[in-house]
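Asker: build me a model:
(chains A and B)
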Amino acid sequence: MSNTLRSRLTPYLFLLPALLFMATFTLYPLVSVGYLSFTEYNILRPAQPVGLANYQRLIGDGVFWLSLRNSFTYLLVTPVIIVSAITLAIIVNRPLLGIGVFRALYYIPVITGAVAVGIAWQFLFDGSGGPINGMLLSAGMIEKPIIFLTEPAWTLPIAMMMTTWMGVGYYMVVFLAGLQSIPEDLYDAARIDGCNEFQKHWHISVPGLRPSIVFVAVISSLSALKVFDEIYVLTNGTGGILNSGSTMVFYLWKQAFRLQNVGYASAIAMVLLVITLTFSIINVRMLERGEG
Amino acid sequence: MIRKRSVAFTIFLTMFAMILVACGGAAPAAQAPAEPQVVVQTQVVVQTEVVEQQVVVTPTPGPNPEAVMEVEEGATVTFWTFFLSPTFDEYIQSTIARFNEAYPGVTVKWEDRQATLQEEYRNSLAAGNAPDVVNVPTGWVQEFAQNDQLLSMSEVLPPAVQAQYFADLFNQTNVGGASFQVPWYQAVDAYLANTDVLENAGYTMDDLPTTFDEQKQFCLDFYEASGIPCGLRMQTGNLLQTMAYEGNVEVMNADGTAFTFDSPEAVQWLQDYVDLNEAGAIHRDLILLNDADDRIGLERFTAAQMPFYVTGPQLIRLVREGNPGRYGYLALAPRAIGRSGALPPVSMSIVVSQSTAYPKAAAALAAFFSNPQSMLEFSKLVAIYPSTPASYEDPFFTQQPVAIEDQIRPLAEGIISQQKNILPEIPRPAEVNDIVRQAIEGAIFGGADPQTVLSDAVQQANGLIR
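Answerer: Modelled structure (predicted):
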């Protein structure tokens, strides 16, 4: 083997393990799902080709459109998380006694399992003895308990609150790292110029955190589009009354594993792929611009 | 004779003397030296005489009475159970040991599966490495049978073995007119009542409803008297079942070509629940709670937030664990019978995979675990009931019960013998169930007209089978 050929092959050999891994665990499933989306398949019997029937069914499926709408609604979590996490990061970025304890406390939900959190939140919003109802009743704001999780209007907001609560600690750490890289001189200068606390952070912290904000926006919005655990646990695997909490991934799961419509679920997965891919491209562009 | 008497007298004297010596203990130091004693000794000489005689040989044991069918020699059978380990490890292992005595040539590999059993079994069937014998809730049988994944027990089991079960239980999963399961342990859904809550509202156990119509009125009246709603719950895994039993609804036409669950009976049944919900007389978050979430209802019951809860007596232990003080206020009563007059089976089944290499050995194992002896032994461990009439001949089922969870036991045979499936074979059951669920949710929680939602649901369901 000539030296030229060897030097050309060497990089590919280094890439080979990763390529094999990706081909097995990403490319092959992707191609399989693409193929299955054109079939009727229930796991127990061989897949039967049905052409575009699954995609045609999507157009007339009200629950699919509701799930799509819910997934996009879920993106509202992203700005809430960003604002909450920046606020928390600013609060804990102070040399106060015991501040490390607070940082750890805010981070605990991140490392707590979604199922445990879901059960705790179910209890919080329980209609018979839940603390939220208890507080509302004792404050005289309601006359009888609200059975939150049987009210279609409440399912998605509760799941979104839970996602925010679970994620804010993680993003707080990201912003905390960002804050600590902003030179202290800038804050001194702002103070000399007469800025109050809010102005100081608005004009220095927030611009200084721009790369982190873009990063968090990308990551949290993609997570929001893929949300599943919260919905599954809060609604006991039903998607909520009248599918009120059903999101794209939840609906995909329900079709594939509850109703055994693997072909149809694959079609939903392909639509989700297109959406997340488009979203990712936009986000990556934003990220590049942010870094630039 | 006289000689015999004198020998016996001598032996008696000897023993008497020995007892006196033994009872005397140590002699005190101040005592006089012991007098010489006369000790009578008896010597027994055993003579062994070899006698030639005809030896009676016990005949080789006949076939084990529990070996009821021919099986493949050297078979290895994998058996999956559902949520039985570790509580019932000893029972399963001892039953397998008995099976090995009956069928010495068959090896059984037992594994217990838990919450993911349905998915695991489905995947194993698709992957071609399914277990030979599986314990599944009876409601799951139809899906696997309709997809040609199960062995027909009507064909593989000898008629005498089929006859060991209550006929309505053996035939409860009707797929193409054959049975694809053997009924294993049964449950009895009963009213688990809180006598304290009842008495506080001026009610007694005798006031509990006995029919579906009485149940509606009871819940409305009880809520008005006490402000405490009833804890009613539908069979969410098979809502058409609830509709058929409670509302006497014909869910499909006679030839099974179209759904008909938008009839006046169905509308009336749904309207009953709408009325109860609007009156606040039922816990609205329990009514469509998944079957697997029985604990939530039990917790609510344990906290005295309902007069009764429809559940199996085997779950009373959860109430006792959650609130031991409540145990003394518990009582069981038969649940209300629906307008159909029939009782739905609440059962576990054992199925055999179509792909098994040893169909006879696998079927023999299924039949063995559900035979009268195995069922009886299982019933003694936990409040479940046999699917085999012969088990009830044991005094265990006729004794007066002591524990509250056993109160149903003397009535069990009568209840189990009445349980039968009144539903036809439902095509695409999971999807149809989802459609029915949406309709029920629409009426109860969405305020939609019951007739409209049911008619829409029938249209959608019929669209699936056309």
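Asker: C-alpha from now on. contacts and neighbour counts both.
Answerer: OK.
Asker: contacting residues around the nearest residue to B:V453 once chain neighbours are set aside?
Answerer: Leaving aside its chain neighbours, B:V453 sits nearest to B:A439 (5.0 Å; criterion: C-alpha to C-alpha, 6 or more residues apart in numbering or on different chains). When contacts are counted by C-alpha atoms under 8 Å, 6 or more residues apart in numbering or on different chains, B:A439 touches B:P450, B:V453, B:L454, B:D456, B:A457.
Asker: in a strand, B:A439, correct?
Answerer: No - assessed with DSSP: H, G, I helix; E, B strand; the rest coil, B:A439 is helix; it does not lie in a strand.
Asker: can you list the residues of chain A near chain B?
Answerer: Proximity of chain A to chain B (C-alpha under 8 Å from any C-alpha of the partner chain) is limited to residues A:43-45, A:127-128, A:147, A:149-151, A:236, A:241-242, A:257-259.
Asker: just the buried residues from those residues, in PyMOL please.
Answerer: In PyMOL, this line selects whichever of these come out buried by 16 or more other C-alpha atoms under 10 Å in any protein chain shown:
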select buried, chain A and resi 43+44+127+128+147+149+150+151+236+241+242+257+258+259
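Asker: average pLDDT across the one helix or strand B:I96 maps to?
Answerer: Following DSSP states H and E, one finds B:I96 within helix B:89-102. Taken as a whole, helix B:89-102 has a mean pLDDT of 97.
Asker: tell me which residues of it come out buried.
Answerer: In helix B:89-102, counting by 16+ other C-alpha under 10 Å, buried: B:Y91, B:I92, B:T95, B:I96, B:R98, B:F99, B:N100, B:A102.
Asker: A:F250: which of the residues you listed is nearest?
Answerer: B:I92 (37.6 Å; C-alpha to C-alpha).
Asker: quickly note the distance from the closest one to chain A.
Answerer: Distance, B:I92 to chain A, using C-alpha to the nearest C-alpha, to the nearest Å: 29 Å.
Asker: who's in contact with B:Q149?
Answerer: A:L44, B:L125, B:S353, B:Q354, B:S355.
Asker: give me phi/psi at residue 193?
Answerer: I went with chain A, as the question did not name one. phi -80, psi 0 (degrees, to the nearest 10).
Asker: other chain: chain B
Answerer: phi -100, psi 150.
Asker: rewinding a little: so what pLDDT did the residue nearest to B:V453 get?
Answerer: Value for B:A439, per-residue pLDDT: 97.
Asker: which stretches of the stretch 51-200 of chain A form helices?
Answerer: A:53-59, A:62-74, A:77-92, A:99-111, A:114-124, A:131-138, A:152-180, A:184-192, A:197-200 (DSSP state H, counting those that start in this stretch).
Asker: let me have the ones you listed in TSV, extended by distance to B:S152.
Answerer: Shown next, in TSV, are the helices of the stretch 51-200 of chain A (distance: least, C-alpha to C-alpha, whole Å):
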stretch	distance to B:S152
helix A:53-59	33
helix A:62-74	37
helix A:77-92	52
helix A:99-111	49
helix A:114-124	40
helix A:131-138	53
helix A:152-180	44
helix A:184-192	78
helix A:197-200	75
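Asker: would you reformat these as CSV and include distance to B:S226, mean pLDDT and mean neighbour count?
Answerer: CSV is the format used below for these (distance: least, C-alpha to C-alpha, whole Å; pLDDT from 0 to 100; neighbours: other C-alpha atoms under 10 Å in any protein chain shown):
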stretch, distance to B:S226, mean pLDDT, mean neighbour count
helix A:53-59, 49, 96, 15
helix A:62-74, 40, 96, 18
helix A:77-92, 42, 95, 20
helix A:99-111, 40, 90, 15
helix A:114-124, 24, 90, 17
helix A:131-138, 19, 93, 16
helix A:152-180, 28, 95, 21
helix A:184-192, 64, 92, 13
helix A:197-200, 55, 91, 13
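Asker: one step back: out of the buried residues of helix B:89-102, flag the one nearest to B:T236.
Answerer: Using C-alpha to C-alpha, the buried residues of helix B:89-102 come closest to B:T236 at B:I92, 30.0 Å.
Asker: what's next to stretch A:62-76, contact-wise?
Answerer: Contacts of stretch A:62-76 (C-alpha under 8 Å, 6+ apart): A:58, A:156, A:160, A:221, A:224-227, A:243-248, A:251.
Asker: greatest separation within these: which pair is it?
Answerer: Checking these with C-alpha to C-alpha, the most distant pair is A:L58 and A:M160, at 25.5 Å.
Asker: and stretch B:371-389, average pLDDT?
Answerer: 95.
Asker: can you pull the buried residues of that stretch?
Answerer: In stretch B:371-389, counting by 16+ other C-alpha under 10 Å, buried: B:371-376, B:378-379, B:383-389.
Asker: A:R6 is nearest to which of the helices of the stretch 51-200 of chain A?
Answerer: helix A:152-180 (42.7 Å).
Asker: the closest one vs helix A:77-92, what angle?
Answerer: 40 degrees (axes from the mean of the first three to the mean of the last three C-alpha atoms, to 10 degrees).
Asker: any idea how far helix A:152-180 is from the chain center?
Answerer: 9 Å (C-alpha atoms, centre = their mean, to the nearest Å).
Asker: got it, and stretch B:372-383?
Answerer: Using C-alpha atoms, centre = their mean, the offset of stretch B:372-383 from its chain centre is 9 Å.
Asker: which residues are contacting that stretch?
Answerer: Here stretch B:372-383 makes contact (C-alpha under 8 Å, 6+ apart) with B:91, B:95, B:164, B:184-185, B:313-314, B:368-369, B:384-392, B:394, B:396, B:405-406, B:409.
Asker: can you do 6 Å?
Answerer: Residues outside stretch B:372-383 that contact it (C-alpha atoms under 6 Å, 6 or more residues apart in numbering or on different chains): B:Q314, B:Y385, B:P386, B:T388, B:A390, B:S391.
Asker: out of the residues you listed, list just those in helices.
Answerer: Judged by DSSP state H, the contacts of stretch B:372-383 include no members of helices.
Asker: where does the stretch 201-350 of chain B get nearest to chain A, residue-wise?
Answerer: Nearest residue of the stretch 201-350 of chain B to chain A (C-alpha to the nearest C-alpha) works out as B:D285 at 6.0 Å.
Asker: dump the residue contacts of that residue.
Answerer: A:T150.
Asker: helix/strand/coil for it?
Answerer: Assigned state for B:D285: coil (three-state reduction, three-state DSSP).
Asker: next one: the one 4 residues further on
Answerer: Secondary structure for B:L289, judged by three-state DSSP, is coil.
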